[in-house]
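> Provided below are the primary sequence and the corresponding predicted coordinates.
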Amino acid sequence: MINVALPKGRLGEKIYDIFEKAGYECPSIKEPNRKLVFENAEKGVRYFWVKPSDVSIYVERGAADIGVCGKDILAEYAPEVYELLDLKKGVCKMAVASKKDFYDDRETTLKVATKFVRVAKAFYASKGREIDVIKLNGSIEIAPILGLSDVIVDIVETGATLKENDLEVVETIFPISARLIANKSAFKFKTEEIETLTQKVKALLD
Ligand code: PRP
């Protein structure tokens, strides 16, 4: 049995469809209810719907053998997991954005609002730039508008949120997409099952 943590929401549903096509179907997952665990014993697969930012925790601690999470989460939390495959879904980018008229005075400490503290610190450390990180939990775009920060480090997908708030991308930090990850000991003990699944999913992406 392979235990799979899927991110609850639209991306997770898309990913499930790929797994289904790859031969790991579990029809009960599509029933309209609020269950979180679904199993198809015959196919040897059990799915869990978990909060997207929690997938790597379930996988790292072995509560799930494999899972699907964004590169943003892997970069921010650096979980001890194997990254098996780029699923090429949920494509977006991590970027720095600011108000259109923002002038970057390098003599002052830059105030950076973000959910991604580690990513922001690493990015500015690599530039030798001193920053003051302001950790927020959502609606990051409002920070520069209210003067809470100079810039934000956040996910940009369509760019609509930035545009509608008169902000713009200053710099892209890295591209993001969903990744198939595996628990390290599960990979050791279920190598064949996990590798077979990975290959079947990969074949569908190609
Ligand atoms: C994410 C991200 C941006 C937005 C980008 O927020 O933090 O705010 O999506 O998407 P766009 O470029 O297509 O507009 P999310 O919806 O996850 O909510 P949040 O404000 O709680 O982070």
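Structure received.
> now do the contacts for the residue of the chain found nearest the ligand.
The minimum distance from the chain to the ligand, using C-beta to the nearest ligand atom, falls at residue 138 (2.8 Å). (Each C-beta comes from the backbone N, C-alpha and C, glycine too.) Residue 138 is in contact with residue 115, counting by C-beta atoms under 8 Å, 6 or more residues apart in numbering.
> give me the three-state assignment for it.
Secondary structure assignment for residue 138 (DSSP: H, G, I helix; E, B strand; the rest coil): coil.
> next, the distance between the ends of stretch 94-108.
Terminal residues of stretch 94-108 lie 24 Å apart, using C-alpha to C-alpha, to the nearest Å.
> that stretch vs the ligand: in contact?
No - for stretch 94-108, no contact with the ligand is found by C-beta under 6 Å from any ligand atom; the gap never falls below 9.2 Å.
> who's the residue lying closest to residue 27 once chain neighbours are set aside bridged to?
Spatial nearest neighbour of residue 27, chain neighbours left out: residue 40 (7.6 Å); criterion: C-beta to C-beta, 6 or more residues apart in numbering. Beta-bridge pairing of residue 40 under DSSP bridges involves residue 45.
> likewise the one 10 residues further on?
Under DSSP bridges, the beta-bridge partners of residue 50 are residue 7.
> what helix or strand is residue 72 located in?
helix 71-77 (DSSP states H and E).
> count of neighbours near residue 153?
Residue 153 has 26 neighbouring residues, counting by other C-beta atoms under 10 Å.
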